[in-house]
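J.: Show me the folded form of this:
(one chain, ligands or ions: 1)
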Amino acid sequence: MTVPALFQPLTIRSVTFRNRIWLSPLCEYSAGRDGVPTDWHLVHLGSVAIGRAGLVMAEATGINDVARISPHDVGIWTDAQEAGWKRVTDFIHSQGVVAGIQLAHAGRKASTAPGWGADYEDSANAEQGGWETVGPSSLAFGNYNPPVALDIAGIDQTVADWAAAAQRALRAGFDVLEVHAAHGYLLHQFLSPIANDRTDDYGGSLENRARLLLRIIRAVREVAGDDVPLFLRVSATDWTPEGLQPEEVEHVAAWAHEAGADLIDTSTGGIQSGIPIPTGPGYQVTFATGIKRTAEVPVNAVGLITDPHQANEIVETGQADAVMLGREMMRDPHFALRASTALGYKLPYWPEQYERAQP
Ligand SMILES: Cc1cc2nc3c(=O)[nH]c(=O)nc-3n(C[C@H](O)[C@H](O)[C@H](O)COP(=O)(O)O)c2cc1C
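T.: Residues are numbered from 1 along each chain as shown. Model (predicted):
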């Protein structure tokens, strides 16, 4: 039987993904203020592992105590958080699935109301579990509190915190590390002229705006050694002439690849609210393909990929090396099982417990 492109394994460094259907990181706002993953994370991510995705990528996880998007996001800077994640990765591994974690710092978009369940909007105050945010500059995002611009010592500490978080992630059992530099969070804030008006070595030219990101990629690569795949999520465009342009992000991707990133997870947008984004099926795939061709680096596509045939075609035609699915995997954590059936492929690693459900 020919194996559809979507189900062909992919090896990056020492890790082999059994297929190219990957879970996109999804904030669940389901931790307490301590940032420790809960039963929700175990079951949410565990279901996708049962559903046989090639990679289960855990959500944006704060690298230090000012990095989380909301007071109900997960973190990876304490022993308790590390232990909580170990429970999750143990289960994912028991299903023969690769576990990844997105290491994140929300910068000026940190300390905000969680995506659901809050009785306030915008920034969280101290009573609501909030904190003073940091950013490249003191420019605020919308109605959020303005951040404190990081000084050089603060930048150095952020690099060190990212490396320490990577170390904890590996101890917690993660096989893949992803640096989050998309969606208007800290590293995207440094990259984009919309959020960065610094006049030192970290602002101005593209090289300067990319400096912090590249320092972090190098620091995480040093922790990861030669065996662990390192992904980088970027926003390939700010969707406005004032912002980051696709050609600039292609340069950044090439530099990041040289610095130790193995794959570019290509998303878009998020630097500012109110910028219209022309969404539609697979609307970000061309940006992934652009980075793949120009920066000569493996990529995954993400964004409104919802159909097995659509997903297979993206991989088969070489537009991307893998696809990530977010909302479709929330609707159906067993999407990979369903896709194998839709593509006429008898999945050899269908879960035994579910054997009687295999068509
Ligand atoms: C509830 C929700 C939470 C998300 N959390 C994250 C996140 O933690 N990190 C991230 O990079 N993107 C996050 N995203 C974006 C998704 O990973 C994905 O890129 C986006 O939803 C587009 O893919 P889709 O059309 O398959 O959902 C989130 C999206 C949703 C809907």
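
J.: close to the ligand, is stretch 51-61?
T.: Yes - against the ligand, stretch 51-61 shows contacts by CB under 6 Å from any ligand atom at 59, 60. In short, each C-beta sits where N, CA and C put it, glycine included.

J.: Kindly report the residues of the stretch 201-350 of the chain close to the ligand.
T.: So far as CB under 6 Å from any ligand atom goes, the stretch 201-350 of the chain lies against the ligand at 233, 267, 302, 303, 304, 305, 325, 326, 327, 328.

J.: Provide the count of other residues in contact range of the last one.
T.: Residue 328 has 17 neighbouring residues, counting by other CB atoms under 10 Å.

J.: So which bits of whichever strand or helix holds it are buried?
T.: Element membership for residue 328, per DSSP states H and E: helix 327-331. Under the neighbour-count criterion of 16 or more other CB atoms under 10 Å, helix 327-331 has 328, 329, 330 buried.

J.: got a list of contacts for that helix?
T.: The contact list for helix 327-331, computed with CB atoms under 8 Å, 6 or more residues apart in numbering, reads 23, 24, 26, 48, 51, 53, 305, 306, 335.

J.: how about the next helix or strand after it: buried residues?
T.: Helices and strands here follow DSSP H and E; after helix 327-331, the next one along the chain is helix 335-342. Of the residues in helix 335-342, 335, 336, 337, 339, 340, 342 count as buried by neighbour count, 16+ other CB under 10 Å.

J.: mind listing what the residue in the stretch 251-359 of the chain positioned nearest to the ligand touches?
T.: Nearest to the ligand, among the residues of the stretch 251-359 of the chain, is residue 326, at 2.8 Å (CB to the nearest ligand atom). Counting by CB under 8 Å, 6+ apart, residue 326 touches 23, 24, 25, 26, 302.

J.: Kindly indicate whether the third one is helix, strand or coil.
T.: When you say that, I think you mean residue 25. Three-state assignment for residue 25 (DSSP: H, G, I helix; E, B strand; the rest coil): coil.

J.: Quick check, it in contact with residue 57.
T.: Yes - counting by CB atoms under 8 Å, residue 57 is a contact partner of residue 25 at 4.9 Å.

J.: hey, where'd the strands end up in the stretch 51-200 of the chain?
T.: With DSSP state E, counting those that start in this stretch, the ranges of strands along the stretch 51-200 of the chain come out as 55-62, 98-104, 134-135, 148-149, 176-181.
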